[in-house]
Every structure is written in C-alpha cells, then in structure tokens.
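>>> This is the structure alone, sequence omitted:
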C-alpha cells in the first residue's frame, strides 16, 4: 500500500514539476492516436455507409469481415504491419518500421473496422424512411449520405470514441511496430510498460494518470459535440 | 370538393410501369397521366401499390416501362434525381432532420443551391403558409405530430415543386389536427397552381381534396377519372365496397325504351335504377342515399322512385351515425342516419320501416367478370 501511495505522490511531482519527457510522451500518444482516428474515420465512415446503404453480392460477407476486424487482437495487427514494413518485407523500402508513421498505420488498421462496423450498424438502424425523405428532398448521393450521417451522429460519435479509446490504450501493436524507442516512438502505454518493468512505479503511475486524463478529455469533448442540442 | 379549373396539359405520364419484388409483381400500371394543376388522389386498400406508384412517379424507385416528365423521358438515375429536384414529397411520418424548424424548411432549398435572402424569403413564405412561423427556432424534438407534419409540408412547398407528392400525410394525425391541416391544404391548393398526387386509403380525404381519383388494387389501376365520377360509379364491387357501398342487390337489368331501367330481382320485384346495359347485374347503394320513413311518402311529393317496406334487423353505431339494417322481402338495405333522426322515427329492432332511394342512387355494375369474393357486404 505504501508503495502505491509513494508512487502516487512521485507521480504528482512528475506531472506538475514540468518534466519534459513525460509531456513529450503524452503529446506523441495524443497525435499518433488522433491522426490514426482521423484517417480511420475518413476511410471507415464512407465504408460503413457503403455497407449499410448499398445492396451488392457479398455484402453480408463484407459486413462479417468488418465485424470480425473489430475483434482482431492488436498484437496480430502489429505482427502483420511489422512484417509488411520489415526491411525485407513488401513495403520495407518505405523505411517506416520503428517510426511514429508505422504506429499510425497500425492504429488505423485497429480503428478502421471499429469505425466502419459501428457506423454501418448505426445507419442500418436508421428508419429507412429517412433515406427516402433525403432522396425526395433532392439530395444526390454524397449530400444524402452526409444528411443521414447527421441523423446518426450520436452512435457515430460513440463509434469514434470507442475507436479512439481502443487505439490510445493499445500497447501490443505500437510496441511491435514502434519499438518503444525513448524520445522517438515511446507513447504512454509503452512507457507505462517500460517503467513498470524497471520498477519505476512513480513514473508508471504518472503516465497512467496522464493517459486517463487524455482519454477523459477527448471523450468529454466528443460527448459535448454528441449531446449538443439535447436536453438534460 | 375542389373544382378542376386548373386542369392543364399532361405533366407526368407513366406507361407500362411495372415493379417486381421478390418475383412478385407489386405494380402493374398500363397508363397513368397527371395533368398540371390537378389534385390527383391515389386511392386503394392497404398493399394496393399506392406508395410504390408514388415512389415510381417521384423518381424514388426505378420501374420497367416509360416515364415522361414535362415532355422528357425519365430513364437514368440522373433523370430521376432531376425529377426529384423538380418535385417534392411528404410521407406519413414527417422525417424531420436533426435541425431547427427553419433549418428543416430550408433544407430542400439549400440542396437546390439557394443561399442568402432568397433562401430566407422562401422559407419564411412556406412557414407562414403552414402557420408555423412562430416555431422557426424550435428543434424537432419539441414539436407535436401535427406541427411536425406541417414542417414537413412547408419544407416541400418551399421548393415550389412542380408536383407535390403526399403519401398518406394525415394517417398518423388525430381527427382535429387532421381537419385543421386538411382545411389549410385545401386553401393552399386553391390559390397555388400546383399539381398534387395525394396517396390515401381514406375515401373522405380523397373526396374532399381530389379533382381526379385513381383507384388501385393489387398493383393495378381499376378506375381513373374525376372524383365525382369514380365515387358515383365505382367500376367493381371491390371498389364500391371500399368507397362505402354497403348494400348490394343482384338481378337482371331490363331496358324498356319507353321508361327507366329496372333491375328485376330473382323474386320478381323490381328496383328502378339509372341507365345501365341490359343483362345480369349487381346494383349497389350508398347508405347515405337511403332515406327511412315510418309510413310511405306521398308519391307526388318525392323524387324517391324506389320505396320498399322492411323490418329493422339491427341498429349499429358507427361514429356519430347509426347504421340501420333493413331486411326487405328480396334484399337488405343499409341506411346511415343520425341519432336524432333515429329518435324522431322512434325506431328500434323489429319495427316495420319504409326505406326509399332515388333511381340515380342505384349504381349498376355489369355482372360479367365480377369477383363475388371481393364484395364484403354481399347480400
């Protein structure tokens, strides 16, 4: 118990003492995961909409694949990305392995099925009459989909929150493709693992508190957008 | 009923419109023509294909056959989008967007590229027409069903559509809200040269708004024409039944060049009827055309050509009216009367009563090809 308390006190000192290393790791975590979420949203929302609103052969199989993607362990994603980006792998020439870019790629692949699957489910649950009404209003395909997405903004933003929570708290894939290089690719989760292994509980707790605060702050921001105009 | 002074040239024409779902033909319309400035009611029972026809005519659903709008063929997806932009549709549910009332009314205009003052002006005009200007800043969550449907109609009218499609717009509203909205819409349609397609299964609604009526059953047009003509002379027993006819009399029409047509019943009695070809026939009579007396009326003081005596078999309340079922010797009649009239006549079950109706109230359907199962109140 004493160990935890001491660790907690040390963590507060690190947090509020202006430790540049801690802040650098926190910022790296934030931008890697935010960029990954942005890319996953740009790809996943249209993919989810296409799966929900179109009828084509193999559609059910495609939805099943996306849904399966939501449950793929991040370490498996990390393994695949590491093999693709390895020096002798098919994309080795890009020299991305052990860089933040590789971590973004891995996190995109983790977030993409979550965003696409949940966006597709949200649109499928929408009263089909809305689709008819939006078409009747004179909307073309793109504007129509945009209007429908606005109708499902609550579950859609929940999907983005779930995806963000999934990638920022993920450790296996970023460890494998980023390498946890201090000052270069270390993020909050991999930092926590490293500090814990080294018995540096204060630093580990400090990084954990920052991670929790970041997750809370981003979810609060998205929740405020999600609940805008709703009473209570 | 609205008159048809605005009847104009054909605006939207369909030919051989066919829609199949799951191998089943749900729409099979040989020809349909919507004339400019006319309010068309598409009437029929549930599952008749009314909404499918509306979606096809509005370009919301593709169909086999030919569709022409304002003289141009509607063939491709692009043509259908153009058709939708020239028209507007309101459905049974208002389907308001996640926006304010003003935002909803402006949405169709924005999709047509309108911005600035013109956008605000047209939205304001539409909101005023539907008396919802005081709700402009409200979100959809705070609206009643009637208000929401008014917003939906204002949104449709704001784009000044060449054709306004209404798919059972009153179906989910309570009677007072429905009456108020119906009255406002009748006034709007009288003052604006707009072509309206009004899908409904409510015959009274159709009769109050429509210049022309198309009756659908099993995806096919059974009859099309002026509202008065269709209601007075339904083409089939199924239609007559749907339109409110409750008494049917089977017999043979006898045409005597010197006098009116008569329907001879199997028992030998005759009923004077309107013009009809000779031969086996089925006569139908609306309950509101049957008048009840306690004693036969003076023949010189009435134009009621058919006067028959019977016994009150049953009295059933239907809304504010009472259905009086009169068992005559050769057939049964049904009269719709008010409770006050019933009290005046002091009628109760088992009493003797005199039922009378005009010759023109007897609409004769040729017996050939008639589907006996289709007549719900067969007597």
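That came through fine. All figures in this text were calculated on a predicted structure; none of them were measured in a lab. Residues are numbered from 1 along each chain as shown, chains lettered A, B, ... in the order given.
>>> tell me how far the lowest-mean-pLDDT helix or strand in chain A is from the chain's mean position?
For chain A, using mean pLDDT, DSSP states H and E, the weakest element among its helices and strands is helix A:2-16, scoring a mean of 79. Taking C-alpha atoms, centre = their mean, to the nearest Å, one finds the center of helix A:2-16 at 29 Å from the center of the full chain.
>>> now swap in stretch B:25-35 and tell me
17 Å.
>>> Next: stretch B:108-126.
Using C-alpha atoms, centre = their mean, the offset of stretch B:108-126 from its chain centre is 33 Å.
>>> and what of stretch B:178-185?
16 Å.
>>> Give the buried residues for it.
Going by neighbour count (16 or more other C-beta atoms under 10 Å in any protein chain shown), the buried part of stretch B:178-185 is B:178, B:181-182, B:185. (Glycine included, C-beta is placed from N, CA and C.)
>>> pull the longest helix from chain A.
helix A:20-53 (DSSP state H).
>>> Report all helices and strands that that one contacts.
helix A:59-69, helix A:100-125, helix A:141-151, helix A:153-168, helix A:188-197, helix A:201-226 (3 or more C-beta pairs under 8 Å, 6 or more residues apart in numbering or on different chains; DSSP states H and E).
>>> and the fourth one, what other elements does it pack with?
Meaning helix A:153-168. helix A:20-53, helix A:100-125, helix A:201-226.
>>> Which of those has the highest mean neighbour count?
Neighbour counts (mean count of other C-beta atoms under 10 Å in any protein chain shown) averaged over each of the helices and strands packed on helix A:153-168 peak at helix A:100-125, with a mean of 24.
>>> what about the residue lying closest to residue B:255 once chain neighbours are set aside, distance to residue B:360?
Excluding its sequence neighbours, the residue lying closest to residue B:255 (C-beta to C-beta, 6 or more residues apart in numbering or on different chains) is residue B:278, at 4.4 Å. Look at residue B:278 and residue B:360: by C-beta to C-beta, to the nearest Å, they are 18 Å apart.
>>> still on that earlier bit, just the buried residues of stretch B:178-185: which are in helices?
B:178, B:181-182, B:185.
>>> Quick one: neighbours of residue 94, just the number.
Here I'm looking at chain A. 14 (other C-beta atoms under 10 Å in any protein chain shown).
>>> that answer is for a different chain, and I need it for chain B
24.
>>> and it, what does it touch?
Residue B:94 is in contact with B:145, B:148-149, B:151-152, counting by C-beta atoms under 8 Å, 6 or more residues apart in numbering or on different chains.
>>> Which among the residues you listed count as buried?
B:148-149, B:151-152.
>>> ok, of those, which one's closest to chain A?
residue B:152 (8.2 Å; C-beta to the nearest C-beta).
>>> what ranges do the strands span in the stretch 101-250 of chain B?
B:163-167, B:195-200, B:212-217, B:220-226, B:247-254 (DSSP state E, counting those that start in this stretch).
>>> Next one: the residue in chain A sticking out farthest from the centre relative to chain B, how far apart?
When each C-alpha in chain A is compared with the mean C-alpha position (C-alpha atoms, centre = their mean), residue A:136 comes out farthest, at 35.9 Å. In this view, residue A:136 and chain B are 4 Å apart by C-beta to the nearest C-beta, to the nearest Å.
>>> Ramachandran angles for the closest residue to that residue other than its chain neighbours?
Excluding the flanking residues, the one nearest residue A:136 by C-beta to C-beta, 6+ apart is residue B:89, at 3.8 Å. Backbone geometry at residue B:89, expressed as degrees, to the nearest 10, gives phi -140, psi 140.
>>> again with residue B:357
The phi/psi pair for residue B:357 (degrees, to the nearest 10) is phi -160, psi 150.
>>> For it, list each beta-bridge partner.
residue B:306 (DSSP bridges).
>>> Find the nearest non-adjacent residue to the residue nearest to the spatial centre of chain B, please.
In chain B, the residue lying closest to the centroid (C-alpha atoms, centre = their mean) is residue B:206, at 3.0 Å. Nearest residue to residue B:206 in three dimensions, chain neighbours excluded: residue B:41, at 3.8 Å (C-beta to C-beta, 6+ apart).
>>> gap between that neighbour and chain A?
For residue B:41, the distance to chain A - C-beta to the nearest C-beta - is 19 Å.
>>> Let me know the helix or strand that that residue is in.
Element membership of residue B:41 [criterion: DSSP states H and E] is strand B:39-43.
>>> what's that strand in contact with?
Against strand B:39-43 from outside (C-beta under 8 Å, 6+ apart): B:2, B:34, B:50, B:53-54, B:189, B:195-201, B:203, B:205-206, B:209-216, B:227, B:242.
>>> what do you get for stretch A:134-143?
A:144, A:147-148, B:58, B:60, B:81, B:84-85, B:88-89, B:91, B:107-108, B:111-112, B:155, B:159, B:165.
>>> Just the buried residues of these.
Buried among these (16+ other C-beta under 10 Å): A:144, A:147-148, B:58, B:60, B:81, B:84-85, B:88-89, B:91, B:107-108, B:111, B:155, B:159, B:165.
>>> who in chain A is up against chain B?
A:127, A:129-130, A:132-133, A:135-140, A:143, A:147, A:150-151, A:153, A:229-231 (C-beta under 8 Å from any C-beta of the partner chain).
>>> Of the residues you listed, just the buried ones, ChimeraX syntax please.
To isolate in ChimeraX the members of these that are buried, counting by 16+ other C-beta under 10 Å, one can use:
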select /A:130,132,133,135,136,137,138,139,147,151,153
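>>> ok, now how distant is the residue in chain B sticking out farthest from the centre from chain A?
If you look at how far each residue of chain B sits from its centre, by C-alpha atoms, centre = their mean, the farthest one is residue B:116, at 40.2 Å. From residue B:116 across to chain A, the span is 19 Å (C-beta to the nearest C-beta).
>>> residues from chain B in reach of chain A?
So chain B meets chain A at B:55, B:58, B:60, B:81, B:84-85, B:88-89, B:91, B:93, B:95, B:97-98, B:107-108, B:111-112, B:139, B:141, B:155, B:159, B:165 (C-beta under 8 Å from any C-beta).
>>> before we move on, back to that, can you list the helices and strands packed on helix A:20-53 in CSV and add distance to residue A:79?
Formatted as CSV, those follow (distance: least, C-beta to C-beta, whole Å):
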stretch, distance to residue A:79
helix A:59-69, 15
helix A:100-125, 10
helix A:141-151, 33
helix A:153-168, 17
helix A:188-197, 16
helix A:201-226, 24
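>>> Any idea which of the ones you listed has the lowest pLDDT on average?
Ranked by mean pLDDT, the helices and strands packed on helix A:20-53 end with helix A:201-226 at the bottom, a mean of 90.
>>> How far away from the center of its chain is it?
That offset, for helix A:201-226, works out to 14 Å (C-alpha atoms, centre = their mean).
>>> Correct me if wrong: residue A:53 contacts residue A:147.
No: look at residue A:53 against residue A:147 with C-beta atoms under 8 Å: they stay out of range, at 12.0 Å.
>>> Find residues that contact each of those two.
With C-beta under 8 Å, 6+ apart, residue A:53 and residue A:147 have no common neighbours.
>>> re earlier: check which residues of the next helix-or-strand element following the strand holding residue B:41 are buried.
Later in the chain than strand B:39-43, the nearest helix or strand by DSSP H and E is helix B:50-57. Applying a neighbour-count criterion of 16+ other C-beta under 10 Å, one finds B:50-57 buried in helix B:50-57.
>>> before we move on, what about stretch B:221-239?
B:221-224, B:226-227, B:230-231, B:233-239.
>>> tell me the contacts of the residue nearest to residue B:255?
So residue B:278 contacts B:252-255, B:261 (C-beta under 8 Å, 6+ apart).
>>> Got phi/psi on it?
phi -70, psi 160.
>>> What pLDDT is listed against it?
pLDDT at residue B:278 comes out at 87.
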